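Visitor: Need the 3D shape of this:
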Amino acid sequence: MAQQPWDYIAKIIALGDSGSGKSSLTIRLCEGRFVSHHDVTIGVEFGSRIVPVGPPASLEYNINNPNVSKSRPPNDTSAKKDARQKHMKLSLWDTAGQETYKSITRSYFRGASGALLVFDITRRNTFNSVTSWLHDLRQIAEEDIVVVLVGNKSDLAPSSTVTESSASNKRQVTIEEAEEWCKQNKVMQYVETSAKNGDNVERAFLEVSERIYQNIEAGRYDLNDRRSGVKGPGAAAGSTGRTLNLGRNDKSASKKSGMAGGCC
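Guide: Numbering: from 1, shown residues only. As a prediction, the model looks like this:
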């Protein structure tokens, strides 16, 4: 019997206002392509992806690296040699952002171990809504769910500052505003992405998966309890989504797949 290509399965949900790019991010991660016109998600859509967690990959990416200290700088990869790379299968649930479907999508918050809270950095109203989305999530999901705030469509906002009616920079939410919101609401991380050109898409999902892995190592999940949102090696795959191995670089992975550059 062939050995399964993953060590853990984690349920990850994407939530946020309609049009913020949740579906585009999921498609970019799972299929390595960008869809410029995507039908409005009704209920939820599903995808999957296998990603490396823990060393040596975590040391190379320097994502949630617990070994960073004065004695070991961030780029120190001395721990790589003896480490067996572990992998996590992300079961991705892309939820509808329209108010009409909220009663449906909220039910999928249960049993999630991680979440990407997505807004469109070119539309301030989508950023204003993330507090409400986070409130709903924390009321329904497990108390220790890992949350990353994602500002999508960075290709439309090359400048980090907000300028008036700029054709080249449509940013309406600054990086500082988003990071401050994370501090105030105890959200782990803020990442800006572009589903169109692939910038930081893998990074956003890696930030979530690596923190989940650290929680597993710390014994914070019951891997036999489905409510924890994490399953161990004995779990059946049971997935109909497309599974891809994670590349080493967002842009390079897209270029190798022959994808065109661009955002959303």
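
Visitor: ok but residue 161 is inside a helix, no?
Guide: No. Counting by DSSP: H, G, I helix; E, B strand; the rest coil, residue 161 is not part of a helix but coil.

Visitor: what's around it, how many residues?
Guide: 11 (other C-beta atoms under 10 Å). Using the backbone N, CA and C atoms, a C-beta is placed for each residue, glycine as well.

Visitor: repeat for the one 10 residues further on
Guide: A count of neighbours around residue 171, defined by other C-beta under 10 Å, yields 22.

Visitor: Please verify my assumption that it contacts residue 152.
Guide: No. With contact defined as C-beta atoms under 8 Å, residue 171 does not count as touching residue 152 (11.9 Å).

Visitor: what touches both of the two?
Guide: Common contact partners of residue 171 and residue 152 (C-beta atoms under 8 Å, 6 or more residues apart in numbering): residue 121.

Visitor: hmm, who's touching the helix or strand harbouring residue 215?
Guide: Using DSSP states H and E, residue 215 maps to helix 201-217. Surrounding helix 201-217, the residues in contact under the criterion C-beta under 8 Å, 6+ apart are 8, 10, 12, 25, 28-29, 49, 51, 53-54, 58, 61, 63-64, 66, 86, 88, 90, 113-116, 144, 146, 148, 150, 188-189, 191, 193-195, 221, 223, 230, 246-247, 250, 253.

Visitor: change it to 6 Å
Guide: The contact list for helix 201-217, computed with C-beta atoms under 6 Å, 6 or more residues apart in numbering, reads 10, 25, 28-29, 51, 53-54, 58, 63-64, 88, 113-114, 146, 148, 150, 189, 191, 193, 250.

Visitor: So what touches stretch 181-193?
Guide: With C-beta under 6 Å, 6+ apart, stretch 181-193 has contacts from 147-152, 154, 178-179, 200-201, 203-204, 207.
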